[in-house]
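Novice: have a look at this prediction, sequence included:
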Amino acid sequence: MKATIKENRELVPRYFTMTLSEMGDDFRGEPGQFVMIRGDWGSDPLLARPLSICRFLHEDGQIRIVYRVMGRGTRRLSEMKAGQTVDINGPLGNPFPRPDESRRVLLTAGAIGAPPLIALAGSMAVSPLLIIGGRTRNDVVFISDEIRELDIETIYVTEDGSYGQKGTAVTELARHVGGNDLVYACGPNRMLAEIARLSEEIGFEAHVSFEERMACGIGVCLGCAVRHANGTYVHVCKDGPVFNVTDIDWDRL
């Protein structure tokens, strides 16, 4: 389908927010799902880019995407202006399982892993605790506007100590999480693997969303395969991007 860019602006260096409109009232999605987006820029780059949905605005089918410029595709996307259109396929993938809000919910984000967790927080009746970590200040403050708008209790953590606590998202999670808590996370694979080990040690339930490069987004190209704990392979785009931490063979990731 076609969507119109309502807004596309830089938040901090390399991090952008894009609001897409005119997608129709029948566009429905859930936190944790993603879309494949491609601008009308010719054949370079050829493939669409997978981007998580940060907010479902429910106004004329509007959604908000928050993304980081990492290569040619996201750079070209960042150069697009309000009023231009993009091709969009989605929502795709499996969402986060609905949280049991009688339990304490902690969201753990590694930098650009924050947007789908913002969508989840916005869908909850009870505000969770969000822990967002990154290397530097820009890797955590880019999402601050969304956090303030939704009034989410948040702990910021940076590896260089330039903003918030000094450390990592996982070291901070370990300080707060208990065995009966429910954890949702999105970030680099190394971070997710550390959360899986922490879950096994402490006993909390955890669901993680993978950040993977994708070519098709529907399980055809088989380029985003990860090894399941049962020895088979699953595909992040079709079988995920959200998995229970017990589903993944973390030693062979």
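Specialist: Sure, I can see it.
Novice: OK, contacts around the nearest residue to A229 once chain neighbours are set aside?
Specialist: Nearest residue to A229, sequence neighbours excluded (CB to CB, 6 or more residues apart in numbering): D249, at 5.2 Å. C-betas here are computed from N, CA, C, even on glycine. Residues in contact with D249, defined by CB atoms under 8 Å, 6 or more residues apart in numbering, are V226, R227, H228, A229, G231.
Novice: the first one belongs to a strand?
Specialist: Yes - per DSSP: H, G, I helix; E, B strand; the rest coil, V226 lies within a strand segment.
Novice: that one - how many residues pack around it?
Specialist: Number of residues near V226 (other CB atoms under 10 Å) recorded here: 20.
Novice: same question for the last one.
Specialist: Summarising burial for G231: neighbours were counted as other CB under 10 Å, giving 8.
Novice: then the second one?
Specialist: When counting by other CB under 10 Å, one arrives at 15 neighbours for R227.
Novice: pLDDT score for the residue nearest to it when sequence neighbours are not counted?
Specialist: The shortest distance from R227 to any non-neighbouring residue, by CB to CB, 6+ apart, is to D249 (4.2 Å). Among the per-residue scores, D249 holds a pLDDT of 87.
Novice: could you pull out the helices for this structure?
Specialist: 72-78, 114-122, 138-141, 144-150, 169-176, 189-202, 236-239 (DSSP state H).
Novice: want to throw these into a markdown table with mean neighbour count and distance to P128?
Specialist: Listed next are the helices of the chain as a markdown table, based on neighbours: other CB atoms under 10 Å; distance: least, CB to CB, whole Å:
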| stretch | mean neighbour count | distance to P128 |
| --- | --- | --- |
| helix 72-78 | 18 | 28 |
| helix 114-122 | 26 | 6 |
| helix 138-141 | 23 | 17 |
| helix 144-150 | 15 | 10 |
| helix 169-176 | 20 | 11 |
| helix 189-202 | 18 | 15 |
| helix 236-239 | 22 | 24 |
